[in-house]
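Trainee: here is my input; please provide its structure:
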Amino acid sequence: MKYTLPSGKELDVTVSSFSLCWELTKAILNVARERNLKLDFSNEQGKDDVEINADAILEFIISPEVEPLLKECMKRCVYDSEKLSEDTFEKEERRSDYPIVASRVLTENTRPFLTLLTLRLGVNTPKNTESQK
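Mentor: Numbers count the residues shown, from 1 in each chain. Predicted structure coming up:
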């Protein structure tokens, strides 16, 4: 998935392997449970995606359980025409993009599992969304 960041830089997120994405998903769900973070399964767009608020994203990207998995997922992504690496954000002018990059990588790598979870729970479908209003 390609994104243009607020800085004007391009980000191309390539989803990681199944096992890495599943480990990342389990880690964010554990962090959410431990810290009582709410994942919104009733987003306004009517999509079958879970909405993760900014506070939760920040908790996830700084979590010792999530951070190493997220960094591993980042290795498959391209930022400003170069593969993401430990050195990508060494330049100070790039650092403001880091939380956005981390958020996009986290979201794209966990979305398939969270979408399935949403569907399995029976929430966020047009019928249920309408009946909740």
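Trainee: which parts of this structure are strands?
Mentor: 2-4, 10-12, 39-40, 51-52, 78-79, 82-83 (DSSP state E).
Trainee: okay, these in CSV with mean pLDDT and mean neighbour count next?
Mentor: Placement of C-beta: from N, CA and C, glycine included. Listed next are these as CSV, based on pLDDT from 0 to 100; neighbours: other C-beta atoms under 10 Å:
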stretch, mean pLDDT, mean neighbour count
strand 2-4, 96, 11
strand 10-12, 98, 16
strand 39-40, 64, 16
strand 51-52, 62, 20
strand 78-79, 98, 20
strand 82-83, 96, 11
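Trainee: can I get these in JSON lines with distance to L29?
Mentor: Formatted as JSON lines, those follow (distance: least, C-beta to C-beta, whole Å):
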{"stretch": "strand 2-4", "distance to L29": "24"}
{"stretch": "strand 10-12", "distance to L29": "24"}
{"stretch": "strand 39-40", "distance to L29": "8"}
{"stretch": "strand 51-52", "distance to L29": "11"}
{"stretch": "strand 78-79", "distance to L29": "27"}
{"stretch": "strand 82-83", "distance to L29": "28"}
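Trainee: between those strands, which one is nearest to E67?
Mentor: Shortest separation from E67 across the strands of the chain is recorded for strand 51-52, at 16.0 Å, computed as C-beta to C-beta.
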